[in-house]
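# this one's sequence-less:
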């Protein structure tokens, strides 16, 4: 809700980018023009609206947590995922989200047991491998981290995971392999 409702409450005018290009002169004096966001901010707002209707909606709590992570707010994400797990202790998505948020808070040793529980709950390892790899790297286990990064990249070629793998390889002295991994970027 970083840009969502507060500007509206203050009397700002929201105009879609296409409409702005068409008629700038039609704006009232002092109008604040901001682009509409179809990304994480929009996802967060949609999930917050759902939570206003049902504060224990596991889907909305997990969605809000994921959006908060995408926006870089690990504290808010951890709060949403913790609430989702309280509402449904069998939610593997909530447990995985908590672990992801903990890694981003640099609390890797707390995250690893949650990743293990997530897998035991049936979540595919490839879905958690990127952040679990970062946890392993943070704790000084580069071989485990590199295996997780490779698993994640087999699922989806993510530039951030590719950079993490290349850095991990370089730090462990595998310069040629690191360059091979990062070369496509």
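Now that the structure is in, tell me what you want to look at. Keep in mind that what you see is a predicted model, and the values were worked out from it rather than measured.
# quick one: contacts for residue 93?
62, 84, 123 (Cβ atoms under 8 Å, 6 or more residues apart in numbering). Using the backbone N, CA and C atoms, a C-beta is placed for each residue, glycine as well.
# just the ones of the residues you listed in helices?
Among those, the members found in helices (DSSP state H) are 62, 84.
# so which of the contacts of residue 93 is the most crowded?
Among the contacts of residue 93, residue 84 has the most neighbours (other Cβ atoms under 10 Å), with 26 neighbours.
# how near is that residue to residue 58?
5 Å (Cβ to Cβ, to the nearest Å).
# with residue 102 instead?
19 Å.
# when these two are compared, which one has more neighbours?
Per other Cβ under 10 Å, whichever of residue 102 and residue 58 has more neighbours is residue 102, with 24 against 18.
# what are the phi and psi values for the more buried one?
phi -60, psi -40 (degrees, to the nearest 10).
# assign a three-state SS to the residue lying closest to it once chain neighbours are set aside, would you?
Spatial nearest neighbour of residue 102, excluding adjacent residues (Cβ to Cβ, 6 or more residues apart in numbering): residue 111 at 3.9 Å. With DSSP: H, G, I helix; E, B strand; the rest coil as the basis, residue 111 sits in helix.
# circling back: which of the contacts of residue 93 has the weakest pLDDT?
Minimum pLDDT across these is recorded for residue 123, with 94.
# who touches stretch 144-163?
125-127, 129-130, 132-137, 164-165, 168-169, 172, 181-182, 184-185.
# hang on, the earlier thing: of the contacts of residue 93, closest to residue 72?
residue 62 (17.8 Å; Cβ to Cβ).
# quick check, the closest one in contact with residue 91.
Yes. With contacts defined as Cβ atoms under 8 Å, residue 62 counts as touching residue 91 at a distance of 6.8 Å.
# mutual contacts of these two, please.
By Cβ under 8 Å, 6+ apart, the residues touching both residue 62 and residue 91 are residue 84.
# wait, the residue nearest to residue 102 touches residue 99, no?
Yes. Using Cβ under 8 Å, residue 111 makes contact with residue 99 at a distance of 4.3 Å.
# what's the overlap in contacts for the two?
131, 132, 135.
# which of those fall within helices?
131, 132, 135.
# what about the residue nearest to the second one when sequence neighbours are not counted, neighbour count?
When the adjacent residues along the chain are set aside, residue 132 lies closest to residue 115, with 4.6 Å between them (Cβ to Cβ, 6+ apart). Using other Cβ under 10 Å, residue 115 has 26 other residues around it.
# please list the residues outside the helix or strand encompassing residue 115 that contact it.
Residue 115 is part of helix 108-120 when elements are defined by DSSP states H and E. For helix 108-120, the external contacting residues (Cβ under 8 Å, 6+ apart) are 92, 95-96, 98-100, 102-103, 125, 128, 131-132, 134-136, 138-139.
# which neighbours do residue 84 and residue 58 have in common?
Joint contacts of residue 84 and residue 58 (Cβ under 8 Å, 6+ apart) are 91, 94.
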